[in-house]
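**Q** only geometry, no sequence info:
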């Protein structure tokens, strides 16, 4: 069977992801030259690191959204609520784990076993797991009870998940019995040391941890999507659901897994956010959700690496643009969204899946 | 691989009421299928003998594609029965049906355009081990030596003929007993159609095939048995020689002419 | 081969109505007439008119101020929900930033009177114009994208207005808000009460006229099947813009009256919560029915007002079982809402309408 | 080659999807008042051709001329107003409105009062009368007050044709009106199409696979294959055309052995 084949055309320089990365770097250098008249080099580095941390938190939130909204086309407004739940569950568990049994007020509580009086680092690690589990569980429940009936019906998804926001936000107050909507992590012995990167530049260990987490998640999910069999089924299922079933896979179960994973990532974002801002607030989820939507849309629906680049772009806006135009920094993100949707609705890497 | 037994005369599908129970791999009885409000299959029955190529013929909109989709469970029937290898598959989920050993090559090929050819095949191989994957891949490459050249290319960048090779290969990556192929000639240039036909000829010795085809030349060349369907029910069926001899029938139901 | 005897006028629309068809047409017209009550009101319209009459005489019989304030708040949100229903329920436009118009209406009055020293009515007139234009502008910008993305763009625009109103401290006094010193209010609050009543009544009857007009029917057609409406020859974008303009003007007016009622205009009027409210109300009551929107607004606002008032919360705390539930009534509301979306997508009124025939049949049998 | 006896002409009309040619340099002319059918095997490009003519898709190259006016770049609603009406393979109606309202809205689209937002629509009684007459013509008389989505599939098709007629098109594009219809519903549709033909005054283009219907109702038949126009003539000529037969029966004429 002789059929002319098209030549392989994978010239690496034509890859839009790489081009955009280069563009971002070039833009930053230009920005630095411009700002150099206004800010010193150490300030620039500080801004840059702040931007990286912001980008990482955004990316964690947006990565879940990218899987659920970008890949599976499910609009989940409750994503922000899961983000908040994750953050609050983390703080709640952290406080429990760091309490010693002796300090505990109520010794008969069924959660008494959690009061192990752990040090800050192991407590953080365990609490992180709790946060992730809570996120995944919420995602699973939402998928089974609601989303499952609504695949392919975006308007109903929005309507329904908006209602879920009410339910989740209100039930969170019930579960964590919060009188004041914020916790303070600083009162707990969190590892808050700095290390010096050079003269006048010191970096917070927390920031390093957040950025590393972001990178690990990016690599992990990228590997899962692109190199594993599960990723293969999901990518195939997104493109042609019926065909994957005809090949013998129970696509529903895979999609369920993706939804739970995406929700766990949202919770992870919430954890990261509470760590960077030393506490949580009721509104943090909704606030970040819109920005995360912007990130996903800018990056391009369905493009996971696009979400990473989008997070980097938007994350850098706050410290840099905010320095000069503090009044419109958050409006700028919205203007960016409108512009992107109008000029390039498919986003930077839109149409290119995963 | 299975020896290609010539089916016994009892297995010969002889019309709308073919008798199941003989050496038929797949028997379909009285299918009524709706898609939304569209009443597509209106009492369709057929039998696919083991080790042969059975061709479904009929005009556009006659219900050929829906027949295949009903067998795979993608459009479950409202009434009727699908029996495969002695097991009742009616109403089962698509992925269950596929695991019984039915491969499906849909119309327009249904390849995953964003995946590479290798990934397409890997996905089709399901959870089988490495050795079995290599064995099946070798078999496919034997059938389509050309495929070696574009294994790592994205399937979406392939030509129609190449995509067809991938689509058929996907059905051969597991030990399927039956391959449902929907209009492999659609949208292909005549010379490519010839190539697909040659490949299907080679395949005949390996697997039972139920083929949907509008191209009568192609159907008559590789088919052993035929079913002629119109308006979602069968008009007639039998050995292919009978249809080739009956030019009146082909003109009326496949060509252009007055009823 | 071909019949070419086509005259120039052959394509003129000439359909003769045969006698049988004419009879059916007349019968159909009679039925429609009979469904309307006295003065051409529909049954729902009669109920609304009666309610409005009661509300009109209520202050004359001495209405406590708290109740007057509650009722005027409810009426403001009735108008707001109605304006949203025109978009969502009738035209099928899924906006997620309706607070934009509500807040901009309120801010235009406040800014004009405080910063420019204009009289209230002049600010209100300007506010109407601004809201109308803003509605059309929003449409021009965001109607180029569909569905979810449209919702996102409108959300982004409302959020931008929200954050600007908080940040532009020199003009808006930021989160502190602008006080309307000369708000048109008699000591007992009746002026605002009557303003709100007038707005709600005008919105209801104005919109029900609009819905039954040729233009309104086209809007419904756009909701039902946009592509078909386009193929029939309607310029869908233009009709959507008209719907947006009407809707934003009514929403802006509601915002103004709300500002008068509260005596203060702050960024909270532009928040996502305000955008969410009319959606909740319309879904609860039933999208695409005006009285559904009214019902949803009345139920949610009354509950909100009663359940979040401090006296009530303090009283209820000690109740067994019911107490904790009522304390978290938003949770309950959310659950009810979710169940409605899942199982009664046409809202309470819509579902009632669908099943009315069957239910009435049941009653008659027994 | 602009000739006034053609109501519709296309010149080298092409449409590509990705790299594939769906419609390949089609030049056709439809005479005013003619009933012309388009047939061809699966994937021949018939629906794409309709999409190009009705404005649902922009062409990759070529021109479309309707009554002497170049409409190649005109939007769909504009073409509808010019007098090109089209039905879809998947029925598209306004599901939650009454049958009468479906047609009345289409009648109204041609009236200057369509933008009136104050007077009740029922004041413009002429719209209703026309709608009733049209519903009679498409054999839906007596169902005027039923909700459109409760109609049977066949009746929905008739309603769609009624909506089309209400926009008073001079050129009617019917895309497989009998597709997916149960056998009992087909004669009704054929009768409606026959009535339109008998009423005269309209040019009709029909895509259809039911050969007996095509052959009995058409003045002329056009055959498409691989996106190209391969034959155009009277039903008899087409039935006897060997190229057409082989196009239907197989991609190439000699049998492979």
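**A** Looks like it came in fine. All of these numbers come straight from a predicted model, not from anything done at the bench. Numbering: from 1, shown residues only, chains lettered A, B, ... in the order given.

**Q** what residue ranges in the chain score low on pLDDT?
**A** Using chain A here. A:1-19, A:33-39, A:101-113, A:177-194, A:197-198, A:322-329, A:345, A:350-354 (pLDDT under 70).

**Q** that's the wrong chain, I meant chain D
**A** Chain D contains residues with pLDDT under 70 at D:1-4, D:19, D:89-91, D:250-257.

**Q** Please enumerate the helices of it.
**A** Ranges of helices within chain D are D:46-54, D:76-82, D:99-108, D:125-137, D:153-166, D:186-199, D:211-217, D:235-240, D:242-249, based on DSSP state H.

**Q** so which of those comes closest to residue C:280?
**A** Closest approach to residue C:280 among these (Cβ to Cβ): helix D:99-108, 29.6 Å. Glycine gets a C-beta too; all of them are placed from N, C-alpha and C.

**Q** And the helices in the stretch 251-354 of chain A?
**A** A:251-276, A:284-299, A:304-324, A:329-343 (DSSP state H, counting those that start in this stretch).

**Q** that older thread, buried deepest among the helices of chain D, which one?
**A** Of all the helices of chain D, helix D:99-108 carries the top mean neighbour count, a mean of 28, counting by mean count of other Cβ atoms under 10 Å in any protein chain shown.

**Q** Establish whether that helix and chain B are in contact.
**A** No - counting by Cβ under 8 Å from any Cβ of the partner chain, chain B is not contacted by helix D:99-108; separation bottoms out at 15.8 Å.

**Q** from memory residue A:246 sits against residue B:74, does it?
**A** Yes - using Cβ atoms under 8 Å, residue A:246 is in contact with residue B:74, at 6.8 Å.

**Q** Need the overlap of contacts for those two.
**A** residue B:94 (Cβ atoms under 8 Å, 6 or more residues apart in numbering or on different chains).

**Q** So which of those two has more stuff around it?
**A** Legend: neighbour count by other Cβ atoms under 10 Å in any protein chain shown for residue A:246 and residue B:74, higher for residue A:246 (28 against 18).

**Q** circling back: how about the helices of the stretch 251-354 of chain A in CSV, adding distance to chain D?
**A** Shown next, in CSV, are these (distance: least, Cβ to the nearest Cβ, whole Å):
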stretch, distance to chain D
helix A:251-276, 25
helix A:284-299, 24
helix A:304-324, 22
helix A:329-343, 19
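
**Q** Reformat these as TSV; add mean neighbour count.
**A** As requested, those are exported to TSV (neighbours: other Cβ atoms under 10 Å in any protein chain shown):
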stretch	mean neighbour count
helix A:251-276	25
helix A:284-299	26
helix A:304-324	23
helix A:329-343	18
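
**Q** Let me have these in JSON lines, adding distance to residue D:101 as columns.
**A** What follows is those, written out as JSON lines (distance: least, Cβ to Cβ, whole Å):
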{"stretch": "helix A:251-276", "distance to residue D:101": "40"}
{"stretch": "helix A:284-299", "distance to residue D:101": "38"}
{"stretch": "helix A:304-324", "distance to residue D:101": "45"}
{"stretch": "helix A:329-343", "distance to residue D:101": "35"}
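
**Q** Out of those helices, which is closest to chain B?
**A** For chain B, the closest of these is helix A:251-276, at 7.4 Å, according to Cβ to the nearest Cβ.

**Q** Residue 210: how many residues sit nearby?
**A** Using chain A here. 23.

**Q** Switch to chain D, please.
**A** Counted with other Cβ under 10 Å, residue D:210 comes out at 24.

**Q** For it, which non-adjacent residue is closest in space?
**A** Closest residue to residue D:210 apart from its sequence neighbours, by Cβ to Cβ, 6 or more residues apart in numbering or on different chains: residue D:178 at 5.6 Å.

**Q** List the contacts of the one you found.
**A** D:157, D:185-186, D:189-190, D:208, D:210, D:213.

**Q** and residue A:209, which of the three is it?
**A** In three-state terms, and counting by DSSP: H, G, I helix; E, B strand; the rest coil, residue A:209 is helix.

**Q** quick one: it and residue A:125, what's the gap?
**A** Look at residue A:209 and residue A:125: by Cβ to Cβ, to the nearest Å, they are 11 Å apart.

**Q** Report the central residue of chain D.
**A** Nearest to the geometric centre of chain D sits residue D:173, at 1.5 Å (Cα atoms, centre = their mean).

**Q** Quick check: bridge partners of that one?
**A** For residue D:173, the beta-bridge assignment (DSSP bridges) gives partners residue D:86, residue D:205.

**Q** That one against residue D:49, yeah?
**A** No - counting by Cβ under 8 Å, residue D:173 stays clear of residue D:49, with 9.3 Å between them.

**Q** which residue ranges form the strands in the stretch 101-250 of chain C?
**A** With DSSP state E, counting those that start in this stretch, the ranges of strands along the stretch 101-250 of chain C come out as C:178-179.

**Q** for chain D, what are the nearby residues on it?
**A** Going by Cβ under 8 Å from any Cβ, the residues of the stretch 101-250 of chain C near chain D are C:209-210, C:212-218, C:220-221, C:224-225, C:227-236, C:242, C:246.

**Q** Buried among the residues you listed? Need that as a selection in PyMOL.
**A** In PyMOL syntax, the buried subset of those is picked out as below (16 or more other Cβ atoms under 10 Å in any protein chain shown):
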select buried, chain C and resi 210+212+213+214+215+216+217+218+220+221+224+225+228+229+230+231+232+233+234+235+236+242+246
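
**Q** ok, which of the residues of the stretch 101-250 of chain C next to chain D also contact chain A?
**A** Subset of those in contact with chain A: empty, counting by Cβ under 8 Å from any Cβ.

**Q** ok, now which ones touch residue C:138?
**A** C:97, C:100, C:154, C:157, C:244, C:248.

**Q** ok so, going back, the contacts of residue D:178: which two are farthest apart?
**A** Of all pairs drawn from these, the one with the longest distance (Cβ to Cβ) is D:185 and D:208, at 14.5 Å.

**Q** So between the two, which is more surrounded?
**A** Legend: neighbour count by other Cβ under 10 Å for residue D:185 and residue D:208, higher for residue D:208 (25 against 19).

**Q** From chain C, how far out is the nearest residue in space to the more buried one that is not next to it in sequence?
**A** Leaving aside its sequence neighbours, residue D:208 sits nearest to residue D:214 (Cβ to Cβ, 6+ apart; 5.2 Å). According to Cβ to the nearest Cβ, to the nearest Å, residue D:214 stands 16 Å off from chain C.

**Q** Would you mark the buried spots in stretch D:170-183?
**A** D:170-182.

**Q** so, if you compare those, which one comes nearest to chain B?
**A** Nearest to chain B out of the buried residues of stretch D:170-183 is residue D:180 (Cβ to the nearest Cβ; 3.2 Å).

**Q** The closest one and residue B:34 touch, don't they?
**A** No - between residue D:180 and residue B:34 there is no contact under Cβ under 8 Å: 9.3 Å.

**Q** which residues do these two both contact?
**A** residue B:40.

**Q** Then residue B:44 would be within a strand, right?
**A** Yes - using three-state DSSP, the assignment for residue B:44 is a strand.

**Q** can you pull the contacts of it?
**A** Applying Cβ under 8 Å, 6+ apart, the residues contacting residue B:44 are B:28, B:30-31, B:63, B:67, B:80, B:229, B:232-234.

**Q** which of these has the most neighbours?
**A** residue B:67 (29 neighbours).

**Q** What mean pLDDT does the helix or strand harbouring it get?
**A** Using DSSP states H and E, the element containing residue B:67 is helix B:64-72. Averaged over helix B:64-72, pLDDT sits at 92.
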